[in-house]
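K.L.:
Got a sequence here, can you model it:
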Amino acid sequence: MDILWWATVAILFILSFVGIIYPIIPSIVVLWGGFAVYHFLINSNELSIWFWIGMLVITVVLIAADIIANSYFVKKYGGSKTSERIATIATIIGSFIIPPFGIILIPFLAVLVTEYIIQKNWLKAIKVGSATVVGFLGGSIAKVLIQLLMIGIFIISVI
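P.N.:
Residues are numbered from 1 along each chain as shown. So this is what the prediction gives:
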């Protein structure tokens, strides 16, 4: 039975990375699902209170990094709040339209059109659209690195 539970943990960890490409999958929740499967179905004595506190702190950092990266680049290049919201929605929609390219192309186009409608300036709209892509990629890289850190800490804790 342990093999089944360990396989479940591994699948949940892998799915957490799939969630970076398909934002409809909540990466951090799936990752925590792997921790929970281990704790409740394999060994409830192994993961210390410090592990859980550390994972909670890192989770907050992961969520903040994602939000901050996207907002920072859109704001830096003069994007509106509307563009920030449109980019978020377009990322989710884009992940289903032409995965994995849709998560970059659809938000770019959506923000480009939104900013052009708001500012009536193609150059500015292209800058903000490009900033959306950079923000998404930066946030995604941060998420991958932080999730790898979390999994590394988990592995060290159970060894």
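
K.L.:
When you work out contacts or count neighbours from here on, use the C-alpha atoms and nothing else.
P.N.:
Fine.

K.L.:
got the residue ranges for the helices in the chain?
P.N.:
Using DSSP state H, the helices found in the chain span residues 2-21, 27-37, 49-76, 81-97, 102-119, 122-158.

K.L.:
Please convert these to TSV, extending it with mean neighbour count.
P.N.:
Putting the helices of the chain into TSV (neighbours: other Cα atoms under 10 Å) gives the following:
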stretch	mean neighbour count
helix 2-21	17
helix 27-37	20
helix 49-76	16
helix 81-97	19
helix 102-119	21
helix 122-158	18
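
K.L.:
Now mean pLDDT and distance to N43 too, for the ones you listed, in a markdown table please.
P.N.:
Formatted as a markdown table, those follow (pLDDT from 0 to 100; distance: least, Cα to Cα, whole Å):
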| stretch | mean pLDDT | distance to N43 |
| --- | --- | --- |
| helix 2-21 | 93 | 10 |
| helix 27-37 | 95 | 9 |
| helix 49-76 | 85 | 14 |
| helix 81-97 | 83 | 36 |
| helix 102-119 | 88 | 38 |
| helix 122-158 | 90 | 9 |
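
K.L.:
I25 contacts F17, correct?
P.N.:
No - judged on Cα atoms under 8 Å, I25 makes no contact with F17 at a distance of 9.2 Å.

K.L.:
What sits closest to I104 if chain neighbours are left out?
P.N.:
Among residues not flanking I104 along the chain, V133 sits closest, at 5.9 Å (Cα to Cα, 6 or more residues apart in numbering).

K.L.:
what's near enough to touch that neighbour?
P.N.:
Applying Cα atoms under 8 Å, 6 or more residues apart in numbering, we find V133 in contact with 104, 107-108.

K.L.:
mind checking how far it is from S80?
P.N.:
Counting by Cα to Cα, to the nearest Å, the separation of V133 from S80 is 15 Å.

K.L.:
And for A125?
P.N.:
Relative to S80, A125 is positioned 10 Å away (Cα to Cα).

K.L.:
how far away is S80 from A87?
P.N.:
11 Å.

K.L.:
was I right about I28 contacting S16?
P.N.:
Yes - between I28 and S16 a contact is recorded at 6.5 Å, counting by Cα under 8 Å.

K.L.:
Report whether the expected contact of G78 with I126 is present.
P.N.:
No - counting by Cα under 8 Å, G78 sits too far from I126 to count as a contact (11.0 Å).

K.L.:
wait, what's in contact with S130?
P.N.:
By Cα under 8 Å, 6+ apart, the residues touching S130 are F108.
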